[in-house]
Each structure stands twice: as structure tokens, then as C-alpha cells.
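1. with the sequence up front, the predicted model follows.
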Amino acid sequence: MNDHGSDAGLPGLNVSAPEQALPVAELPERRLMECPAEYLADSELLALVMPRQSPEIALASARRMLAELGGLPGLYRAGVAGLAQYQGIGPTGARLIHAALSLATRLNRTPGRERMRLEAPGDVAAFMRPVFFQKEKEEFHVLLLDPRHNLIRDECVTIGLADRSQIHAREVFRSAIRENACRVILCHNHPSGDPMPSPQDIECTRGLVGAGKLIGIDVIDHIIVGERTPTRPVFWLSFREANLLFPAP
């Protein structure tokens, strides 16, 4: 195994200090204190769990790792052994990073999720992001809500079905009727990372909104979850906020 105290033979992380220090307001530590974690980029959050080094070097290293490994899913798949090969990380840092990612994947199994209150689109996206983490196929979920917007259950309706026209209202609303849910939120992921809806997504949503009105169950939103990028800081799209939530004529 390579000697992690040496730069020789390790993957290409150039950890030489940037020419200019980050302004205090842009330091990941400061940003996490002043705004919710969802507003920080993946690289900023990753820099916070890396071995102690200057913020500039940690952030540059985090960006490089995410780019080389293919984002958070690739970072997770690299495992402790793969992460430990990176300059400045080593076994200790690799364990910290992998443990943080592993905790995130367990959020959807944490007791108490069923009584979470879901109202704002960003809350729904943050809630579902761990569910879709590392998923290479599209999954279509329906979140069943009570009158106070408390989650009754998250149910996966389909997996790997790109043709939204094949999603039937009976599959979406069957559990909602059984659980006496008065409203639902639709949610699916785009493994490509781009949360913009396709024409099929819009057509499917319009049909489900209309079907819900007929049986007395409101579809209050449809959230598409993608990935955050440097040019796309918001990783999700809300049909309601985009004025796309209306029934078919």
C-alpha cells in the first residue's frame, strides 16, 4: 500500500494552496452556521468532514474528488480503501467520509419518518434525497399525507419506468384510499441529475391531478429530485412552484 504521508503514487489531488484565501463569508463553516445545509454545495459539505487542513485546500480537494469519482454516488462506491488512496485523506479521513455518507443512506430507515410534516417543496426534496441516493433507475413515489401534512407513508409505485403514460391512477391512489389520506405529493428522481420535467412527466402529472380531484384526493405537488451542480444550485423542481400543477382538460 502507498505511504499516505507521501505524494508519490497517489491519485491526482493537487493540494497546493490557492493563491487567494476565501472570504470569511464564503467559508463552508461560516455558511453552515448561517444557512441550512441544503444551501451548501456537496463539495462544501464534504470539505467539512475532511481531515483538518486549510479551508481552501479542503474545498479544492473536495471538488476534485467529486469530479474524479462521479459525485456522491461514486464517492460512496469508492469505499474506505478507495478514498484512502487520495493525497491528504488517508485511512482516518476515508473512514470519516464513508461514515458520513453511510449515515445519509440510512435516513430513510430512521424511526419517526412516518410522522414528519411535509409542506415546503424543499423539505420534500431533502426528505427524499437519501431515498434516491445512488439509484441508477427512476423511481416514482407517492407520499401519503394526513390533513395536517404529516407523512403517513412513502410508497414506491414504479421502478425503472421511463414512460410515465404507463403509470395508472389506481396504482398511485390505491394506498391513499386505504390509508384515508386526503392529499398526496408525487415524487420521482432523474438519475441524469437534471430535475427539469419531460413532456411525459407533465402529461402524467396532469392526468393524476385530474384523477385525484374525481376521487377527492388532492395532488398538492410533484417534486423531481436531481443533483446539484455549480450552475444549478437547486437540485429539485416543484411542479407547484413552476405553475405546472393543473389537471388535464
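-> Sure, I can see it. Numbering: from 1, shown residues only.
2. just the buried residues of the worst-scoring helix or strand of the chain on mean pLDDT, please?
-> When the helices and strands of the chain are scored by mean pLDDT, DSSP states H and E, helix 28-34 comes last with a mean of 83. In terms of neighbour count (16 or more other Cβ atoms under 10 Å), helix 28-34 has its buried residues at 28, 31. For the C-beta atoms, the positions are set from N, CA and C on the backbone; glycine is no exception.
3. which residues touch it?
-> Residues outside helix 28-34 that contact it (Cβ atoms under 8 Å, 6 or more residues apart in numbering): 24-25, 39-40, 44-45, 47-48, 55, 58-59.
4. buried residues in stretch 158-172?
-> Applying 16+ other Cβ under 10 Å to stretch 158-172 flags 158, 164, 167, 169, 172 as buried.
5. if I look at the third one, how far off is T158?
-> With distances taken as Cβ to Cβ, to the nearest Å, I167 is found 6 Å from T158.
6. re earlier: okay, and which of the buried residues of stretch 158-172 map to helices?
-> 169, 172 (DSSP state H).
7. which helices and strands does the following helix or strand past the least confident helix or strand of the chain pack with?
-> With elements assigned by DSSP states H and E, the helix or strand that comes after helix 28-34 is helix 42-48. Here helix 42-48 touches helix 28-34, helix 55-69, helix 71-84, going by 3 or more Cβ pairs under 8 Å, 6 or more residues apart in numbering; DSSP states H and E.
8. now helix 42-48: mean pLDDT?
-> Helix 42-48 shows a mean pLDDT of 87.
9. using CSV, write out the CA atom coordinates for that helix.
-> Provided in CSV are the C-alpha atoms of helix 42-48 (Å, rounded to 0.1, in the frame of the first residue of the first chain):
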residue,chain,number,x,y,z
ASP,A,42,-21.8,18.9,-2.0
SER,A,43,-18.2,20.0,-2.1
GLU,A,44,-18.7,22.4,0.8
LEU,A,45,-20.2,19.7,3.0
LEU,A,46,-17.5,17.2,2.0
ALA,A,47,-14.8,19.7,2.9
LEU,A,48,-16.2,20.0,6.4
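10. how about residues contacting that helix?
-> With contact meaning Cβ under 8 Å, 6+ apart, helix 42-48 is reached by 28-29, 31-32, 37, 55, 58-59, 61-63, 65-66, 71-72, 75, 97, 228.
11. give me that answer again for 7 Å
-> Outside helix 42-48, the residues that touch it by Cβ atoms under 7 Å, 6 or more residues apart in numbering are 28-29, 31-32, 37, 55, 58-59, 62-63, 66, 72, 97, 228.
12. please pick the buried ones from those.
-> So, by 16+ other Cβ under 10 Å, the buried ones in those are 28, 31, 55, 58-59, 62-63, 66, 72, 97, 228.
13. just the closest of those to D201, please.
-> For the buried ones among the contacts of helix 42-48, the residue nearest D201 by Cβ to Cβ is R228; the value is 19.6 Å.
14. just to confirm, which helix or strand has the residue nearest the centre of the chain in it?
-> Nearest to the geometric centre of the chain sits R129, at 3.1 Å (Cα atoms, centre = their mean). Per DSSP H and E, R129 falls inside helix 121-132.
15. tell me which helix or strand comes right after that helix.
-> Next along from helix 121-132, by DSSP H and E: strand 139-145.
16. so what strands line up beside that next one?
-> strand 151-159 (antiparallel), strand 183-189 (antiparallel) (DSSP bridges).
17. what's in contact with that strand?
-> 118, 128, 132, 151-159, 161, 167, 172, 175-176, 179, 181, 183-189.
18. again, only using 8 Å
-> With contacts defined as Cβ under 8 Å, 6+ apart, strand 139-145 is touched by 118, 124, 128, 131-132, 151-161, 164, 167, 172-173, 175-176, 179, 181-189, 220.
19. so for it, what gets flagged as buried?
-> Here strand 139-145 shows 139-145 as buried, counting by 16+ other Cβ under 10 Å.
20. that'll do, ta.
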